[in-house]
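>>> make a model of this:
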Amino acid sequence: MKHCLNIYTVFALAVLVIIANAQTGSNATKHYEKAGLAFDFPAQWKLTDKSTGDVQYVVVASEDGAVQIAISAQLGSEQQCDFEVASTRITDALIRGVATQIQAGSPLQTRPLKTRVGVLEIDGIEFHGLMNNRRVTSEVYSLRLNLRFVNLVYLRVDDDARGQQAWESIRTTLKLGAPVFKAAAAQAGVPGNPNVLNGRALHLDRPAYPAIAKQAHASGTVVVEVIIDEAGNVISAHPVSGHPLLRASSAVAARGAKFSPTKLCGEPVRVSGVIKYNFVAR
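From the prediction side, this is the model:
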């Protein structure tokens with residue numbers, strides 16, 4: 001809950017006036033990709049990254065700064081399984097911040113909306129206000145991708161729809177990569193060191209003992225850091241300690257390991273941990 005409250009505060013303070021009222025004619029686009037968040041936006045627009053330690057917060061604006069679209073994505077994967085409660089808390093803070101900036105009035109009058117982000121249909125709300133004596137319409141959307149909360153805000157001056165091209169580009173190309181959980185976080189309550197994955201493997205190859213290692217009488221423990229995908233397959237294996245002559249064969253063995261899928265809140269997730277191999281000199 002403390003983590004959720006921190007996000008609530010960040011959204012309430014971070015949201016700026018987001019107004020769409022202009023766009024140049026070029027169809028050229030640039031690509032943004034960082035911390036798993038990716039999307040395309042008009043090449044002549046300015047992108048400002050206002051991310052904090054907890055929230056990725058990116059604003060795309062026209063050259064004169066009058067056109068802005070904001071994307072907020074939680075950097076830390078949310079492990080609270082009651083998504084509706086957490087999402088409502090975060091989104092309500094966002095809506096209040098925008099409504100204050102555009103003098104939307106109280107009580108806030110809203111209308112439900114739907115749009116598509118990538119292949120997903122998502123819900124949002126629309127409300128109206130004033131900026132510089134001009135009527136503006138705000139759209140605020142929230143969704144969860146790969147256990148991360150995402151919010152989109154799109155505002156536009158009612159008599160100028162030129163921001164639509166930028167909005168279409170961002171929302172149709174938006175992607176959020178799957179986070180990687182530490183095995184300890186995903187397996188709370190597991191006895192011993194839950195980051196050591198040997199005991200959880202369905203299949204674990206014994207690493208070869210290379211001839212050059214035999215000649216050198218190499219021995220000891222090799223620790224291999226691995227990432228396991230949603231299906232339980234090892235997709236990355238990097239030795240982090242152990243005798244140099246034993247590391248390569250340990251990494252090869254680790255890549256062939258197989259695990260049961262790990263789930264959080266009923267959803268398969270990627271996890272990281274280590275596999276340990278013990279070698280005895282021959």
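>>> so for the helix ranked longest in the chain, what gets flagged as buried?
The helix that spans the most residues within the chain, counting by DSSP state H, is helix 83-101. For helix 83-101, a neighbour-count test (16 or more other Cβ atoms under 10 Å) marks 86-87, 89-91, 93-95, 97-99, 101 as buried. C-betas here are computed from N, CA, C, even on glycine.
>>> among those residues, which one has the lowest pLDDT?
Among the buried residues of helix 83-101, Ala86 carries the lowest pLDDT, at 75.
>>> state the distance from that residue to Ala43.
36 Å (Cβ to Cβ, to the nearest Å).
>>> with Glu63 instead?
11 Å.
>>> tell me where the stretch 151-282 of the chain has strands.
175-176, 180-182, 201-203, 220-228, 234-241, 258-259, 262-264, 267-279 (DSSP state E, counting those that start in this stretch).
>>> partners of the fourth one, with directions?
Sheet pairing here is set by DSSP bridges, and for strand 220-228 it gives strand 234-241 (antiparallel), strand 267-279 (antiparallel).
>>> which of those strands has the highest mean neighbour count?
strand 267-279 (a mean of 20; mean count of other Cβ atoms under 10 Å).
>>> now find how far off-centre it is within its chain.
21 Å (Cα atoms, centre = their mean, to the nearest Å).
>>> and for stretch 228-245?
For stretch 228-245, the distance to the chain centre is 23 Å (Cα atoms, centre = their mean).
>>> between the two ends of that stretch, how far is it?
End-to-end distance of stretch 228-245 (Cα to Cα, to the nearest Å): 25 Å.
>>> ok, and what's touching that stretch?
178, 197, 202, 210, 212-213, 216, 218-227, 247-248, 250-251, 254-262, 268-275, 277, 279 (Cβ atoms under 8 Å, 6 or more residues apart in numbering).
>>> could you redo the last one with a cut-off of 6 Å?
212-213, 216, 218, 220-227, 247, 250-251, 254-255, 257-261, 268, 270-271 (Cβ atoms under 6 Å, 6 or more residues apart in numbering).
>>> try stretch 197-211
Here stretch 197-211 has contacts from 249-250, 253, 256-259, 273, 275, 277, using Cβ under 6 Å, 6+ apart.
>>> mind doing that once more with 8 Å?
With Cβ under 8 Å, 6+ apart as the criterion, stretch 197-211 contacts 183, 187, 192, 222, 226, 228, 232, 245-246, 248-250, 252-253, 256-260, 273-277, 279, 282.
>>> type out the ChimeraX command that picks the buried ones from the residues you listed.
The following ChimeraX line selects those of the contacts of stretch 197-211 that are buried, judged by 16+ other Cβ under 10 Å:
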select :183,187,222,226,228,232,245,246,249,250,253,257,259,273,274,275,276,277,279
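>>> domain parsing for this protein?
2-177, 182-279 (automatic domain parsing).
>>> off-centre distance for the first one?
I take that to be domain 2-177. Worked out by Cα atoms, centre = their mean, domain 2-177 lies 15 Å from the chain centre.
>>> can you give me the strands for the stretch 1-150 of the chain?
29-34, 37-42, 46-49, 55-61, 68-74, 111-117, 120-131, 134-145, 148-157.
>>> can you add mean pLDDT and distance to Gln164 and give the ones you listed back as a markdown table?
Putting the strands of the stretch 1-150 of the chain into a markdown table (pLDDT from 0 to 100; distance: least, Cβ to Cβ, whole Å) gives the following:
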| stretch | mean pLDDT | distance to Gln164 |
| --- | --- | --- |
| strand 29-34 | 94 | 15 |
| strand 37-42 | 93 | 11 |
| strand 46-49 | 93 | 18 |
| strand 55-61 | 90 | 14 |
| strand 68-74 | 88 | 11 |
| strand 111-117 | 94 | 12 |
| strand 120-131 | 92 | 14 |
| strand 134-145 | 89 | 11 |
| strand 148-157 | 88 | 8 |
